[in-house]
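S.K.: based on what follows, work out the 3D shape:
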Amino acid sequence: MTATMAAAPPQELHRKARQAALGSFVGTAIEWYDFFIYGTAAALVLGHQFFPGSSDLAGTLASFATLAVGFIARPIGGIVMGHFGDLVGRKSMLVISLLLMGVATVGIGVLPNYDAIGVFAPILLVTLRFIQGLGVGGEWGGAVLVATENAPEGRKGLYGAAPQIGVPAGVLVANLVYLPLTAFMSDETFKAWGWRIPFLLSAVLVLVAMWIRLGLQESDEFQQTKDRAQPAKLPILEVLTKHWKTVLLAGGTFIATNGIAYAYMVYVLKYGEKELGFSKTTMLFLLIGSCPFWMAGMAFSAWKSDSIGRRTVYVRSSIALVIAAAVFFPLMDTAVLPVMAVAMIGLGFTLGCCAGPQSALFAELFPPAIRYSGASLGYQIGAILGGGLAPIIATALYASFDTSLAITGYFVLIALISLASILVLKVPGTKSSRPIEQEAV
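M.R.: Reported below is the predicted structural model:
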């Protein structure tokens, strides 16, 4: 324990840690609410609103392509905010990321469609989606570091799960907002204006998150590093020149978690409605019901990672994900609701177990002076190769082969890539808060 931390009363340290975890959770949940309502809208309505005159398949692919634009922007947001987050501080970047996301989301909610302004509608939609990507690109790294760097010794995994749990919490809130709209509005009303309501509600949620985030404090660990060491002029350059292998392997560990999760959250809604014949409301119920199990998996694996090690938990969870990926669509294709619910819950819990220790793992991979840049870049590389492409690839595979077995093969492939990445990334199997970059090959 450092001298500064030892001088502070234990009650104050725990209060600060809890406040940091809460701020990370709430802010992340709201930012991801914003990001996910776009994904749900892309699956349900945006193709008709902004890409009319095309076939249903072409419209779906076009709307999922705009979803991918946000992922392209995410590494840019991670690099820029990571740079200033390492030089200036985590808190200011978290505030900026929240503002970017909020403004872009509300902008989508008031954006005229193609019938109103023609080709400018999809152009502006892509622009706003890009801004969303910039915001969320800088969000994860900052939220994770605020939570882990303020956490008590020996509990960095558990506290680091707070922003991770914010992700399915954002999905849950997003779909709870969509559920009454799809259940009680006619299809025509929902497509005309009802889909805009979740985007406009973001304004209220962002104000709440901003109030919480403005009260956050920088961690003692970051402040001491900033005071003692000469900061790198270009943290991202140091990451790319000295730690590029770690960045690539870290990104590799996240490809399956993010890719399968986005297909599970976005593509499956469309698949269940179009291919299995269920209503939008039914599919949303299945997704909503699985979210608490997703969060439980995160909390459980993060807690275990503090006692048996990040790598052990990550490897076991990655093996389980290979199995879950192989059986998910065969179970969904039974079109028997209880069986489908088991498939959704099982995959959600497994995805949560993979994501739980990730915050502490990524934070420990890099020294504090370049941690925001390194963790953000690794995370966003995995995100763009995973979630950004998954709904498009899943849609194209089913259209090409007319069977979900093609999607299952894709899921298993990326799950094996992530398993191989964590096996190569030699992470100590003991609970440790020291940087593990020294032990990574």
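S.K.: what about Gln11, how many residues nearby?
M.R.: When counting by other C-beta atoms under 10 Å, one arrives at 8 neighbours for Gln11. C-beta coordinates here come from the backbone N, C-alpha and C atoms, glycine included.
S.K.: can you tell me the SS state at it?
M.R.: helix (DSSP: H, G, I helix; E, B strand; the rest coil).
S.K.: where does it land on pLDDT?
M.R.: In this model, Gln11 is scored at 74, pLDDT.
S.K.: how close does the residue lying closest to Gly259 once chain neighbours are set aside sit to Ala21?
M.R.: In space, not counting the residues next to it along the chain, Gly259 is nearest to Gly386; the distance is 3.2 Å by C-beta to C-beta, 6 or more residues apart in numbering. According to C-beta to C-beta, to the nearest Å, Gly386 stands 26 Å off from Ala21.
S.K.: residue contacts, Asn258?
M.R.: Residues counted as contacts of Asn258 (C-beta atoms under 8 Å, 6 or more residues apart in numbering) are Gly382, Ala383, Gly386, Gly387, Ala390.
S.K.: give me the lowest-pLDDT entry from these.
M.R.: For the contacts of Asn258, the least confident entry is Gly387, with 73.
S.K.: sec struct for it, please.
M.R.: Classified using three-state DSSP, Gly387 is coil.
S.K.: host element of the closest residue to it other than its chain neighbours?
M.R.: Distances taken as C-beta to C-beta, 6+ apart put Tyr262 closest to Gly387, at 3.6 Å, once the chain neighbours are dropped. Using DSSP states H and E, Tyr262 falls within helix 244-262.
S.K.: and if you look at Leu321?
M.R.: Going by DSSP H and E, Leu321 is in helix 310-332.
S.K.: shaky segments in the stretch 101-250 of the chain?
M.R.: 225-232 (pLDDT under 70).
S.K.: how much space between Gln380 and Ile212?
M.R.: 24 Å.
S.K.: higher neighbour count, those two?
M.R.: Higher neighbour count among Gln380 and Ile212: Gln380, with 31 against 17, using other C-beta under 10 Å.
S.K.: check which helices and strands the helix or strand harbouring the more buried one sits against.
M.R.: Secondary structure from DSSP H and E places Gln380 in helix 371-385. Helix 371-385 sits against helix 56-87, helix 120-149, helix 235-242, helix 244-262, helix 358-364, with contacts defined as 3 or more C-beta pairs under 8 Å, 6 or more residues apart in numbering; DSSP states H and E.
S.K.: got the angle between that helix and helix 235-242?
M.R.: If you take axes from the mean of the first three to the mean of the last three C-alpha atoms, to 10 degrees, helix 371-385 sits at 70 degrees to helix 235-242.
S.K.: if we can go back for a sec, does the residue nearest to Gly259 touch Thr257 like I think?
M.R.: Yes - under the criterion of C-beta atoms under 8 Å, Gly386 makes contact with Thr257 at 7.1 Å.
S.K.: could I get the helices and strands packed on helix 371-385 as TSV with distance to Gln11?
M.R.: Formatted as TSV, these follow (distance: least, C-beta to C-beta, whole Å):
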stretch	distance to Gln11
helix 56-87	28
helix 120-149	19
helix 235-242	34
helix 244-262	35
helix 358-364	23
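S.K.: of all these, which one comes closest to Thr182?
M.R.: In terms of C-beta to C-beta, the element of those nearest to Thr182 is helix 56-87, at 16.6 Å.
S.K.: that concludes my questions; thank you for your assistance.
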